[in-house]
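[1] next come a sequence and a model predicted from it.
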Amino acid sequence: MTAPPTLPVHMQRNGFDPVPVLAELRDGKGIERIRTAFGMQAWLVTRFADVREVLSDPVRFSNARLQEAGRPPGLPPVTPEERARQLAGNLLAADPPDHTRLRRMLTPEFTVRRMRRLEPRIREIVHEHLDAMERHGPPADLLAEFALPVPSLVICELLGVPYADRAAFQERTHRQLDLRVPMEDRLEAGKESRAYMAELVARAQAEPGEDMLGMLVREHGHDLTADELAGIASLLLIAGHETTANMLGLGTLALLRHPAQLAIVRDEPDRVDSAVEELLRWLTIVHTGTAKMATVDTEIARQPIAAGDLVMCALPTANRDPELRTDPDRLDVTRGGVGHVAFGHGVHHCLGAPLARMEMKIGFPALLQRFPGLAEVPGTATFRSFSIIYGLTSLQVTW
Amino acid sequence: MKGDLVAGVEVHADRDVCIGAGLCVLTAGAVFDQDDDGIVVVLDEHPADVVAARDAVANCPSGALSLTEE
Ligand code: SF4
């Protein structure tokens, strides 16, 4: 497959908003057959209630059995052993009880209480980068100076990944998530990531440190294979820097274009929780999460679904469902709550959600207070559509 | 039915189902906590703030929480 794929409908947006045809689908039939970015047929589920139903039922809608629905056209064959290695430790490719076993080992590291203990260090990292941005002087690329390095440094420290390696792993992640990159190259990037992680795992096994890799080796070293450890670490590293970075970048642009909302985030600390939830809902940077395979003949939104069919959930459309919020397309940071599906729902609900929330709750107000006159350099913001995670490729700001 | 019109509720948590997402702690910190393993603990089975408790139950991603009206 060398031709760049066309963007599937569920990934199409006008700036911050899902394209109108998606809202029409949601408010009409609710579900439709689409072609995924990988050229496969799938059902796209768009309503909030239906999305929650699919995501809460790993028995009817399996992540692990996704492989059985066939491989995207044009892919080189892999041996079952290689396939198993590629999937080991990837929580998103597992169902209960395997998923439960892996997730339970990681859960203690991501509790709300644990995150509160990390708070001072995150604050420090945020302020160090704001200092650097100030020294750099305007104009500066908000993504390069702030949105990307902050979550990168946080997840590196937490996991035990040398921050000095970031340029290399960020480049690999971009390649893995960018849909314009040919599939072979994306798979190759995935392989390189795993090889890199395998090295770090071997180092942690020889000498377990105080970080998460060290903890996993010390406490679960006997229950986890080296492949599983590498898989877990790769997933946490990608999810830990790419998602929050795009929320910080895109979220800042959203606030700059809604000055009254920006003023609330900057000046009213009591409202920051609700502001972060509203930004998560309104932006929903993960378009769909992982596809699932129906395990039985079933029905969603009155549409019969056959066992073996692929099912995908349009998270941005679900989060803009009038059943979830009145006037859902309006950004109103005073009304956020946790009921949205920006972190998914069900057993795969984002493990790092408490960490992401913490980084945003610290990051947005700190940025806006440091630079009260923050403004975008007109014409420099470019949206990043061809990626599994929506965001910006650059945003020049001045102050 | 509005939360404040109900006499009271009893909340339950199935610790085998919980995935430790911590949303319950965020939503109703007086009612739920997470133990050292990240698994839900009910602090108050008969919470006064019925609305917050009901919100937490509705938003639990794993379906570990339930509630009976008294
Ligand atoms: S919200 Fe549900 S899954 Fe998350 S900690 Fe509470 S009970 Fe467990």
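    Yep, that arrived.

[2] rest of the way, CA atoms for contacts and neighbours
    Noted.

[3] for chain B, what's the nearest residue on the stretch 101-250 of chain A?
    Nearest residue of the stretch 101-250 of chain A to chain B, counting by C-alpha to the nearest C-alpha: A:Pro108, 4.5 Å away.

[4] tally of neighbours for that residue?
    18 (other C-alpha atoms under 10 Å in any protein chain shown).

[5] my guess is it meets B:Asp37, correct?
    Yes. If you go by C-alpha atoms under 8 Å, A:Pro108 and B:Asp37 touch, sitting 4.5 Å apart.

[6] give me the nearest residue to residue 11, chain neighbours excluded.
    Just going to use chain A. A:His287 (6.1 Å; C-alpha to C-alpha, 6 or more residues apart in numbering or on different chains).

[7] correction: the question concerned chain B.
    That would be B:Leu67: by C-alpha to C-alpha, 6+ apart, it lies 4.4 Å from B:Val11.

[8] strand partners (parallel or antiparallel) of the host helix or strand of that neighbour?
    In the assignment (DSSP states H and E), B:Leu67 maps to strand B:65-69. Strands adjacent to strand B:65-69 in the sheet, as given by DSSP bridges, are strand B:9-13 (antiparallel).

[9] then the partner strand to PDB, C-alphas only?
    Backbone C-alpha positions of strand B:9-13 (Å, rounded to 0.1, in the frame of the first residue of the first chain) are rendered in PDB as follows:
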ATOM      1  CA  VAL B   9     -29.500   5.100  49.100                       C
ATOM      2  CA  GLU B  10     -27.100   2.400  49.700                       C
ATOM      3  CA  VAL B  11     -24.100   2.100  47.500                       C
ATOM      4  CA  HIS B  12     -22.300  -1.100  46.600                       C
ATOM      5  CA  ALA B  13     -19.000  -1.700  44.800                       C
END
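
[10] list the buried residues of that strand.
    Across strand B:9-13, burial judged by 16 or more other C-alpha atoms under 10 Å in any protein chain shown covers B:9, B:11-13.

[11] tell me the residues of chain B that contact chain A?
    B:19-23, B:25-27, B:34, B:36-39, B:59, B:61-63 (C-alpha under 8 Å from any C-alpha of the partner chain).

[12] those residues in helices, which ones?
    B:23, B:25-27, B:59 (DSSP state H).

[13] which one of those residues sits in the busiest neighbourhood?
    B:Leu23 (24 neighbours).

[14] tell me the gap between stretch A:329-342 and the middle of its chain.
    Centroid separation for stretch A:329-342 versus its chain: 17 Å, with C-alpha atoms, centre = their mean, to the nearest Å.

[15] what does that stretch rub up against?
    A:17, A:52, A:261, A:264-265, A:271, A:273-282, A:284-286, A:315-316, A:318-320, A:324, B:23, B:27, B:59 (C-alpha atoms under 8 Å, 6 or more residues apart in numbering or on different chains).

[16] try 6 Å this time
    A:274-275, A:277-278, A:280-281, A:284, A:319, B:59 (C-alpha atoms under 6 Å, 6 or more residues apart in numbering or on different chains).

[17] before we move on, what about stretch A:147-160?
    Under C-alpha under 6 Å, 6+ apart, the answer for stretch A:147-160 is A:163, A:211-213, A:240-241, A:245, A:248-249.

[18] perfect, I'm done here.
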